[in-house]
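Chemist: What follows is a predicted protein model with its sequence.
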Amino acid sequence: MPGSWRLFLRRADIALRYYCDPLRRIWNWLLETDEVMNFVYDITPICKQYMISAIADVTGKSYVEVAYYCEELERDNLLQEHIRKHAHDCDNDLRGNPGKRYGRRIGWYAFARILKPAIVVEAGIAKGLGSCVLAAALMRNRDEGSPGRYYGTDIDPEAGYLFTGRYAEFGKIRYGDSIQSLAQLQGPVDLLVNDDDHSPDYERKEYQCVEEKLSEDAVILGGNAHNADCLQQFALRTRRQFVFVPEKPAKHWYPGAGIGVAFRRTPKQDDVFDVQETCSTERHGSADAGWTLCPSGLSENSIVYSLGVGEDISFDLSIIAQYGATVHAFDPTPQSITWLRQQSLPNEFTFHEVAVSDTDGTSSFHPPENPAHVSHSLLETDRGEGPSVPVSTKRLSTLMQQIEHASIDVLKMDIEGSEYAVIEDMLQSNVDVRQILVEFHHRFKNIGIEKTKEAIMSLRRHGYRLFAVSEDGQEYSFLLT
């Protein structure tokens with residue numbers, strides 16, 4: 001009997017471990033928030049990764065592009081400020097940091113940005129957080145030449161209080177029975193988000209009501225797919241595919257819902273972010289400043305140009321240590337200059353206090369938005385409040401002529417948004433570069449993912465093939481073939 005009790009207690013301990021953390025979070029939630037329903041939270045990093053992969057598979061887009069749209073939403077300061085301003089007193093979490101409280105709505109946003117829907121419908125709007133998220137996507141789409149309209153439905157006349165101001169310009173909310181509101185819609189509907197009454201019978205009737213109003217390639221997102229199979233059955237009946245993406249809240253007791261997706265798959269087309277070239281690779285540099293290159297042909301005779309070094313030259317030192325290559329580093333950032341002067345540098349490392357650009361002359365060098373960061377930029381986008389400094393700028397072809405280099409074996413660029421102009425100038429000048437390792441800053445304001453696509457396509461046309469992409473979709477490695 002004593003042995004049985006020991007086993008009982010051991011098994012109880014194993015089981016309770018799964019519930020201790022949620023119980024602690026319930027206690028904190030009771031003390032720190034006034035939430036009653038429609039909980040807001042961030043999702044865990046791995047949940048976000050899985051969601052991005054699933055959306056990429058459904059839409060035929062690359063992981064990089066879907067991740068960009070998710071990050072675009074999280075960086076939308078105007079939306080976050082709007083939510084803070086219009087949130088009710090009970091919305092403690094939204095007032096604190098709305099950019100980290102979108103949950104599965106991040107996926108809604110990505111779908112809206114990718115599909116560019118002419119009409120998007122949300123059934124069940126509650127606070128109107130999802131309404132604002134979808135309207136923010138439509139706002140971006142309009143700016144890119146793809147206008148769209150939003151229609152929300154909710155039986156509660158008090159719902160949607162966040163949906164106001166500039167976001168309300170992109171659509172309207174219809175109050176009353178959702179099925180009656182859906183019946184009045186004039187299609188075709190390109191994106192339907194069903195997140196209202198979680199009664200399976202009611203949900204089934206909503207899909208039946210809207211079925212004839214859906215466009216041929218419409219995507220339907222269901223917020224109750226973790227509890228009922230209504231959307232999956234609708235997908236089977238209408239000859240659509242179905243996937244379910246679970247939601248895992250971070251630091252919240254709620255176990256999460258998810259996104260059910262009913263869609264018609266289209267053949268995946270060639271994507272600019274797809275790796276084209278297979279070669280042996282090596283990783284050089286620290287975790288935060290490392291780069292992937294192809295070691296073939298590198299030796300003590302190799303020439304490496306390192307554009308933008310900040311306060312981390314681990315990549316440059318690694319290349320020198322392994323191959324004895326000559327590295328020329330370029331960075332006019334005042335803090336970088338001061339830091340490098342304090343370092344003990346090998347003879348193979350030469351530093352130039354100049355910014356590489358597409359023009360020869362002098363330009364203003366702007367401080368970063370975050371004063372804790374080092375890197376300055378020739379672009380005014382995302383600039384901080386500190387003073388700009390004048391710096392000398394030179395074209396890559398000019399520098400090579402001055403240093404007397406006919407070719408470059410490895411060109412590494414981390415130059416805060418100037419890479420687009422430098423690449424274009426380099427290609428037009430027929431500069432001989434064997435490998436290009438570049439961080440694209442499409443996350444910066446007024447740049448966007450399309451500019452990165454254009455740069456990659458331009459590199460392709462000039463014989464460069466992509467052989468590596470970093471996990472965060474920002475660093476790219478190209479080989480001239």
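Modeler: It's in. Residues are numbered from 1 along each chain as shown.

Chemist: wait, Phe234 sits on Asn224?
Modeler: No - at 12.0 Å, Phe234 and Asn224 do not qualify as touching, with contact defined as Cβ atoms under 8 Å. (C-beta placed from N, C-alpha, C; glycine too.)

Chemist: Make sure Glu81 is indeed in a helix.
Modeler: Yes - assigned with DSSP: H, G, I helix; E, B strand; the rest coil, Glu81 falls within a helix.

Chemist: any idea how far it is from Arg75?
Modeler: 13 Å (Cβ to Cβ, to the nearest Å).

Chemist: Next: Phe163.
Modeler: Counting by Cβ to Cβ, the gap from Phe163 to Arg75 is 21 Å.

Chemist: the more surrounded of these two?
Modeler: Neighbour count, other Cβ atoms under 10 Å: between Phe163 and Arg75, Phe163 has more, with 26 against 14.

Chemist: OK, contacts around the more buried one?
Modeler: Ile125, Gly128, Ser131, Cys132, Ala135, Gly152, Ile173 (Cβ atoms under 8 Å, 6 or more residues apart in numbering).

Chemist: now with 6 Å?
Modeler: Applying Cβ atoms under 6 Å, 6 or more residues apart in numbering, we find Phe163 in contact with Gly128, Ser131, Cys132.

Chemist: correct me, but the last one touches Tyr167?
Modeler: Yes - the pair Cys132 and Tyr167 qualifies as a contact (Cβ atoms under 6 Å) at a distance of 4.8 Å.

Chemist: Which one's more surrounded, those two?
Modeler: Neighbour tally, Cys132 and Tyr167, criterion other Cβ under 10 Å: the higher count belongs to Cys132, 29 against 24.

Chemist: low pLDDT regions in the stretch 251-400 of the chain?
Modeler: 268-269, 370-372, 381-385 (pLDDT under 70).

Chemist: Now do the strands in it.
Modeler: With strands called from DSSP state E, counting those that start in this stretch, the stretch 251-400 of the chain shows them at 258-263, 282-284, 291-293, 303-307, 326-330, 349-352, 355-357, 361-365, 389-395.

Chemist: how about the last one: buried residues?
Modeler: Looking back up the chat, that one is strand 389-395. Val391, Thr393, Lys394, Arg395 (16 or more other Cβ atoms under 10 Å).

Chemist: Show me the contacts of Phe163 that map onto strands.
Modeler: Among these, DSSP state E puts none in strands.

Chemist: So which of those sits lowest on pLDDT?
Modeler: For the contacts of Phe163, the model is least confident at Gly128; its pLDDT is 92.

Chemist: Give me the longest helix you can find in the chain.
Modeler: Counting by DSSP state H, the longest helix found in the chain is helix 2-32.

Chemist: Go through it and flag the buried ones.
Modeler: Trp29.

Chemist: At which residues are the strands of the stretch 51-200 of the chain located?
Modeler: Secondary structure of the stretch 51-200 of the chain (DSSP E, counting those that start in this stretch): strands located at 119-123, 149-154, 171-175, 189-194.

Chemist: need the contact list for Gln335.
Modeler: Neighbours of Gln335 in contact, by Cβ under 6 Å, 6+ apart: Val374.

Chemist: how many neighbours does the closest residue to Ala325 other than its chain neighbours have?
Modeler: Distances taken as Cβ to Cβ, 6 or more residues apart in numbering place Ser302 nearest to Ala325, at 4.0 Å, with adjacent residues excluded. Residues lying near Ser302 (other Cβ under 10 Å) number 19.

Chemist: For Gln435, which of the strands of the stretch 251-400 of the chain is the nearest?
Modeler: With Cβ to Cβ, the closest approach to Gln435 among the strands of the stretch 251-400 of the chain belongs to strand 291-293: 6.0 Å.

Chemist: Which residue is the nearest non-sequential neighbour of Lys290?
Modeler: Quick fix: residue 290 is Gly, not Lys. Arg283 (5.5 Å).

Chemist: so the one you found sits right up against Trp291, yeah?
Modeler: No - the pair Arg283 / Trp291 is not scored as a contact, 7.3 Å apart, by Cβ under 6 Å.

Chemist: and the two? which has more neighbours close in?
Modeler: Higher neighbour count among Arg283 and Trp291: Trp291, with 26 against 12, using other Cβ under 10 Å.

Chemist: How about that one: which residues does it bridge to?
Modeler: Using DSSP bridges, the beta-bridge partners of Trp291 come out as His284.

Chemist: Let me see the contact set for it.
Modeler: Applying Cβ under 6 Å, 6+ apart to Trp291 gives the contacts His284, Gly285, Phe315, Lys412, Leu437.

Chemist: Give me the buried entries from those.
Modeler: Buried by 16+ other Cβ under 10 Å: His284, Gly285, Phe315, Lys412, Leu437, out of the contacts of Trp291.

Chemist: Can you tell me which of those lies closest to Phe478?
Modeler: Of all those, Phe478 sits closest to Leu437, with 7.7 Å by Cβ to Cβ.

Chemist: For the closest one, what is the enclosing helix or strand?
Modeler: Counting by DSSP states H and E, the element that carries Leu437 is strand 433-439.

Chemist: Just give me the neighbour total for Glu450.
Modeler: For Glu450, using other Cβ under 10 Å, the count is 11.

Chemist: Give me the contact list for the helix or strand containing it.
Modeler: Taking DSSP H and E as the criterion, Glu450 maps to helix 449-461. Residues outside helix 449-461 that contact it (Cβ under 6 Å, 6+ apart) are Glu65, Tyr68, Val272, Tyr420, Ile423, Phe440, His442, Phe478.

Chemist: how big is the angle separating that helix from strand 433-439?
Modeler: Between helix 449-461 and strand 433-439, the angle comes out at 170 degrees (axes from the mean of the first three to the mean of the last three Cα atoms, to 10 degrees).

Chemist: Show the subsequent helix or strand relative to helix 449-461.
Modeler: strand 464-469.

Chemist: Adjacent strands (with direction) for the top strand by length along the chain?
Modeler: For the chain, the strand that runs over the most residues, judged by DSSP E, is strand 214-222. Paired strands of strand 214-222, with direction, are strand 189-194 (parallel), strand 258-263 (antiparallel) (DSSP bridges).
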